[in-house]
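[1] sequence first, predicted model second:
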Amino acid sequence: MNKFLPVIIMPLLICGCVGMSTTDGDSTKQWITIVSSKSDLDGSTADVCYKLNLRFNPEEAEDRIDTDKACITRCCWYSENKLVQMDLNEGFAEELVQNGTAKKYDPELLTIRISYSPFLKTIHGKADQKGVLKSDGLVQLDYDQVTRPEQFLDLDFGTQTPKQYEDTNIYEGSYLFTKQKNDAEAKAKEQIAQANQVRAAQAAEEKVSEKTKAAEQASSGDLDEAERQELLQKKLSYERRQAVLLVKRFYGKEIDSYILAIDKAKRAQGLVLMSNDRDWTTVKTGTPIYKVTCKVNGKLGKTASTMKNFPISCGSYEVDLDEKTVNPIDTAARSIVNGEYIN
């Protein structure tokens, strides 16, 4: 007889321990960290705040940038900061003037593009400039150490301190002494001639301006609104032309030298630069003060059929028509005026 033993079935308890993630997402790059996130009503991640863990070589390059704005010392929300740009030569001209020497970094602009996938909860970043941003977050920069040339010329007296040659055998009557003296005198004469041309042109402009003002005062009472507006537009047009002329007169040669330097560099690369089309934009910022911006609508290519647009900024300048002064007011203009672009 078969005997059946009672079978006791015990409930099998399975304990599943689910770990709750304390992170807000992962990064595909070692140098990006997600700090926090925002969730929508469904609990899905709507936005993330990230930081860039970057290091710079040379280290002092970091002093040139706003590290908060660059998402290095504070986190940035992805929805508002999908593109991070750092101008590594911002403040270069001021540093050069203050210290007499400064590093000019290449590339000048570092652009990092950020992308985030809410589905995968991963963040990714990529620099436009290849080879600059390393996988461990090191920003490796090339640079030129630029030294500010001393300005010896005094236009009021036409005097100039002669350049000191390294050759110690410079004695009165020697070739180097004579050449040094002749070069200094020729340079001084050239500068005095330029200054005289500027003063003569200014005097002529002042006479024209005085005649214009006199005509306005004599006829303003007899003009209707349309005629007054027409006269005003003519005056503004005249001032704009004078502002551009002053920039050309003060820094035309420096701007031409800058464009020629770019042309030379491109020719060394086997490229042809077409740079004849130059635009001057004037904006009235005071009475009578104008901001004049120079731009070259260049074209670059190996042949005429491969030419592509190649715009070149040749700087922004503030012109005071009363004082007859022209001051460079952006990095490009200061670099051109001081010759800082020259290796």
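    All right, it came through fine.
[2] alpha carbons only for contacts and neighbour counts from here, please
    Will do.
[3] name the next helix or strand downstream of the helix or strand residue 264 falls within, please.
    Element membership of residue 264 [criterion: DSSP states H and E] is helix 225-268. Counting by DSSP H and E, the element after helix 225-268 in chain order, helix or strand, is strand 272-274.
[4] what pairs with that next one, parallel or antiparallel?
    Strand 272-274 has its sheet partners listed here by DSSP bridges as strand 289-301 (antiparallel).
[5] orientation of the strand it pairs with relative to helix 225-268 in degrees?
    40 degrees (axes from the mean of the first three to the mean of the last three CA atoms, to 10 degrees).
[6] residues in contact with strand 289-301?
    240, 243-244, 247, 271-285, 306-321 (CA atoms under 8 Å, 6 or more residues apart in numbering).
[7] from those, which ones fall inside strands?
    272-274, 278-285, 308-320 (DSSP state E).
[8] got the contact list for the residue nearest to residue 28 when sequence neighbours are not counted?
    Excluding the flanking residues, the one nearest residue 28 by CA to CA, 6 or more residues apart in numbering is residue 124, at 5.4 Å. Applying CA under 8 Å, 6+ apart to residue 124 gives the contacts 27-29, 32, 114-116.
[9] in helices only, show me those.
    Using DSSP state H to define helices, no part of those is located there.
[10] how about JSON lines for those residues, with neighbour count, distance to residue 235 and pLDDT added?
    Formatted as JSON lines, the contacts of residue 124 follow (neighbours: other CA atoms under 10 Å; distance: CA to CA, whole Å; pLDDT from 0 to 100):
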{"residue": "27", "neighbour count": "16", "distance to residue 235": "60", "pLDDT": "79"}
{"residue": "28", "neighbour count": "11", "distance to residue 235": "60", "pLDDT": "84"}
{"residue": "29", "neighbour count": "17", "distance to residue 235": "59", "pLDDT": "89"}
{"residue": "32", "neighbour count": "22", "distance to residue 235": "56", "pLDDT": "94"}
{"residue": "114", "neighbour count": "17", "distance to residue 235": "49", "pLDDT": "93"}
{"residue": "115", "neighbour count": "14", "distance to residue 235": "52", "pLDDT": "91"}
{"residue": "116", "neighbour count": "19", "distance to residue 235": "54", "pLDDT": "88"}
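[11] quick one on the thing from earlier: in PyMOL, how would I select just the buried ones from the ones in strands among the contacts of strand 289-301?
    Per 16 or more other CA atoms under 10 Å, the buried members of those correspond to this PyMOL selection:
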select buried, resi 272+273+274+280+282+284+312+313+314+315+316+317+318+319+320
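[12] confidence score at residue 335?
    We have a pLDDT of 88 for residue 335.
[13] next one: residue 325
    On the pLDDT scale, residue 325 gets 90.
[14] excluding its backbone neighbours, what's nearest it?
    residue 319 is the one closest to residue 325 (CA to CA, 6+ apart), at 5.7 Å.
[15] partner residues bridging residue 296?
    Under the criterion used (DSSP bridges), residue 296 bridges to residue 278, residue 312.
[16] give me the below-cutoff pLDDT ranges for this structure.
    1-25, 40-45, 148-223, 342-343 (pLDDT under 70).
[17] how about a cut-off of 50?
    1-5, 7-23, 149-176 (pLDDT under 50).
[18] contacts for stretch 128-143 next, please.
    29-31, 53-58, 103-107, 110-113, 127.
[19] the helices in the stretch 51-200 of the chain, which residues?
    Ranges of helices in the stretch 51-200 of the chain, per DSSP state H, counting those that start in this stretch, are 92-99, 175-219.
[20] so what secondary structure elements neighbour the shortest one?
    It refers to helix 92-99. strand 101-106, helix 331-338 (3 or more CA pairs under 8 Å, 6 or more residues apart in numbering; DSSP states H and E).
[21] one more pass at 10 Å, please.
    Other helices and strands packing on helix 92-99, by 3 or more CA pairs under 10 Å, 6 or more residues apart in numbering; DSSP states H and E, are strand 101-106, strand 142-147, helix 331-338.
[22] narrow the contacts of stretch 128-143 to those in strands?
    55-57, 103-106, 110-113, 127.
[23] narrow those residues to just the buried residues.
    Buried among these by 16+ other CA under 10 Å: 55, 103-105, 110-112, 127.
[24] distance of the nearest residue to residue 29 once chain neighbours are set aside relative to residue 276?
    Nearest non-adjacent residue to residue 29, counting by CA to CA, 6+ apart: residue 124, 6.3 Å away. From residue 124 across to residue 276, the span is 42 Å (CA to CA, to the nearest Å).
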